[in-house]
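Chemist: Using only what follows, build the 3D model:
(one chain, ligands or ions: 1)
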Amino acid sequence: MSHILVTGGSRGIGKAICSRFAESGWNVSYIYRNTQGEGSDNLFPICCDVSDPVSVEEAVRSAESRFGAIDVLVSNSGISMTGLATDHTYEDMRRIMDTNFGGFFNISKAVIPSMVHVKRGVIIAVSSMWGQTGASCESVYSASKGAVDAYAKSLAKELAPSGIRVNVVSPGVIDTDMMSSYTDDDKKELAEETLLGRLGKPEDVAETVYFLASDQASYITGQIIGINGGFLI
Ligand code: NDP
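Modeler: Presented below is the predicted three-dimensional model:
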């Protein structure tokens, strides 16, 4: 049975990804920081702060000892912060970069050697359309996602000779806890700005991740796949 490791699998998009794979018979390990979600025979929660490289190494070894080698890695955990660029402190910037980009760096570094060893694997990073286009009042968040995009493309180039595909999914506005600071009116406005006229659902992202992990996507690497209802073209 195949094994996927998802970071930030306790809520929102990560939870939908875990469910999609678990329901399809995969063994799923997922990392959370505070909110432990459910566990079962094929669903294994691991508490870990992805910004801490030592804890990430331990989490990966723990996932491997439960379900064996990791076939697919999804780096999804993330935090956001809204505010003027000048209102972000140095500490805010470090926390966001260390979680969103540092988390991807740490988890990839811990998983890549065993994928290289077997010359097979899939890595998918969950970024954001703001990483491509930049967002007013989400400058550091956007920068952290721009770093994720560039790192994923570099990994795709570096790891293709080892049979490892690396892609990015780049969601638009997805209705999760991350949107909790938005009012219903804000959400309505965002839906109106979206070509398809609605906010995204975590499942919209999970389906794309499932496809990218599959052999149907065996000729796709180094790409940023937008899941934004046409918000950004
Ligand atoms: P949520 O806030 O709903 O969930 C975030 C998840 O990340 C939680 O499982 C949380 O764990 C985990 N997490 C946060 N920090 C850490 C950490 N330091 N270590 C381990 N786990 C951590 O967010 P979404 O589901 O909305 O977002 C998922 C990803 O999608 C993020 O990378 C986000 O940037 C991206 N995205 C989201 C969009 C949206 O509109 N929602 C749009 C574009 C991109 P815990 O539950 O324990 O706190």
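Chemist: contacts and neighbour counts: CA atoms only from here.
Modeler: Noted.
Chemist: my guess is Asn83 contacts Tyr141, does it?
Modeler: Actually, residue 83 is Gly rather than Asn. No - with contact defined as CA atoms under 8 Å, Gly83 does not count as touching Tyr141 (10.4 Å).
Chemist: Neighbour count: these two, which is higher?
Modeler: With neighbours defined as other CA atoms under 10 Å, Gly83 and Tyr141 compare such that Tyr141 has more, 26 against 12.
Chemist: give the contact list for the residue nearest the centre of the chain.
Modeler: Nearest to the mean C-alpha position of the chain, by CA atoms, centre = their mean, lies Asn76 at 1.9 Å. For Asn76, the contact set (CA atoms under 8 Å, 6 or more residues apart in numbering) comprises 6-9, 13-14, 125-127.
Chemist: from those residues, which are also near the ligand?
Modeler: 8-9, 13-14, 126-127 (CA under 6 Å from any ligand atom).
Chemist: For my notes, confirm Ile4 occurs in a helix.
Modeler: No - counting by DSSP: H, G, I helix; E, B strand; the rest coil, Ile4 is not part of a helix but strand.
Chemist: bridging residues for the closest residue to it other than its chain neighbours?
Modeler: Residue nearest to Ile4 in three dimensions, not counting chain neighbours: Val72, with 4.6 Å by CA to CA, 6 or more residues apart in numbering. Note on Val72: beta-bridge partners Ile4, Val122, judged by DSSP bridges.
Chemist: pretty sure Val72 is touching Cys18, no?
Modeler: No - using CA under 8 Å, Val72 is not in contact with Cys18; the gap is 11.7 Å.
Chemist: Which of those two has more residues huddled nearby?
Modeler: Legend: neighbour count by other CA under 10 Å for Val72 and Cys18, higher for Cys18 (29 against 25).
Chemist: What's the mean pLDDT across the top helix by length along the chain?
Modeler: Taking DSSP state H as the criterion, the chain has its longest helix at helix 90-118. Across helix 90-118, the average pLDDT comes to 98.
Chemist: Quick one: the helices in this protein, in order.
Modeler: Ranges of helices within the chain are 12-23, 53-67, 90-118, 129-133, 139-159, 184-193, 202-213, based on DSSP H.
Chemist: From the contact counts, what lies against the first one?
Modeler: So the one you mean is helix 12-23. In this structure, helix 12-23 packs against strand 3-7, strand 27-32, helix 202-213, with contacts taken as 3 or more CA pairs under 8 Å, 6 or more residues apart in numbering; DSSP states H and E.
Chemist: same check, this time on the longest one
Modeler: When contacts are defined as 3+ CA pairs under 8 Å, 6+ apart, helix 90-118 sits against helix 53-67, strand 72-75, strand 121-126, helix 139-159.
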